[in-house]
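> Sequence and predicted model, in that order:
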Amino acid sequence: MLAVVSWYKQCRAAAPVSTFCVICLGLAFFGVPYFQVVLGVGLLCYAGVVRGVPWLRGTATWARWGSFDRDVRLLSAAACLVAAVALLSWYLLLHPNVADIVKAFVPDLPLGLLIVGGLIFSMVNAAVEEGAYRGVILHALDTSLGPGFAALLLQALAFGAVHIGGFPRGWLGVGLACIYGLFMGFIRRRADGMFAPRPNQSMKLTAGSSAINF
């Protein structure tokens, strides 16, 4: 749907979202299930296309730190707190069956290695998903549809939809992830960069709004 919207608008600045969607859909058609690796590969291919196509160079203006002022810090802290409470409440109240997730992501390893692996996975997962949804997709939709609520909602719906079988899961999980996507999209716009939606980064790397052009 996002790819169709971008092509319909025939906006060059919106082409990256079509490129990204086509790459990810192509991987899916080859039998690759949705996974962070698919998004990661999609982002790398997207970066290669943007760098290799002359009229696409410099369009990745979303790839910058942005500001991390007091308001953004408060919003980020609130997002972390609300998300943690919502996830814990969802799990404790509904007792969902997450055996498939445990089997796929929790190997039989010592506790110390599991903690380290969990932290690494959390950082990579955050960077990849934010780069895809609050980076490529939101920027392209803002450019083609305008920086209004429609673009914010579309990226949040896309983000929520992939959580139908994730954590949280089911239709309630989709709704929770969609709300989280809206919150992250709002913070992304407020910060005018990708630092705040990626809270795992060190706070010492703040400031600097220069774009990273692929």
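Received, thanks. All values derive from a computational prediction rather than experimental measurement.
> Helix or strand with the lowest mean pLDDT in this protein?
Each helix and strand of the chain was given a mean pLDDT (mean pLDDT, DSSP states H and E); the minimum falls on helix 2-9 at a mean of 64.
> Quick one: list the elements packing against the helix or strand following it.
Downstream of helix 2-9, the first helix or strand assigned by DSSP states H and E is helix 15-29. The criterion is 3 or more C-beta pairs under 8 Å, 6 or more residues apart in numbering; DSSP states H and E, and the helices and strands that helix 15-29 contacts are helix 2-9, helix 36-52, helix 138-145. C-beta: built from backbone N, CA, C; applies to glycine.
> so where's this protein uncertain?
Regions of the chain meeting the criterion pLDDT under 70 cover residues 1-14, 31, 33-34, 196-214.
> can you list contacts of the helix of greatest length in it?
As assigned by DSSP state H, the longest helix anywhere in the chain is helix 70-94. Residues outside helix 70-94 that contact it (C-beta atoms under 8 Å, 6 or more residues apart in numbering) are 96, 167-168, 172-173, 176, 180, 183-184, 186-187, 190-191, 196, 199.
> For the residue of the chain positioned farthest from its centre, grab phi and psi.
Here the centre of the chain is the reference, and by C-alpha atoms, centre = their mean the most remote residue is P110, at 30.1 Å. Dihedral pair for P110: phi -60, psi 150, per degrees, to the nearest 10.
> helix, strand or coil for A60?
Of the three states, A60 takes coil according to DSSP: H, G, I helix; E, B strand; the rest coil.
> Between its first and last residues, how far does stretch 55-73 reach?
This stretch, stretch 55-73, spans 36 Å end to end (C-alpha to C-alpha, to the nearest Å).
> For it, list every residue counted as buried.
Neighbour-count burial for stretch 55-73 flags 56, 59-60, 62-68, 72 (criterion: 16 or more other C-beta atoms under 10 Å).
> How far does it sit from its chain's centre?
How far stretch 55-73 lies from its chain's middle: 14 Å, per C-alpha atoms, centre = their mean, to the nearest Å.
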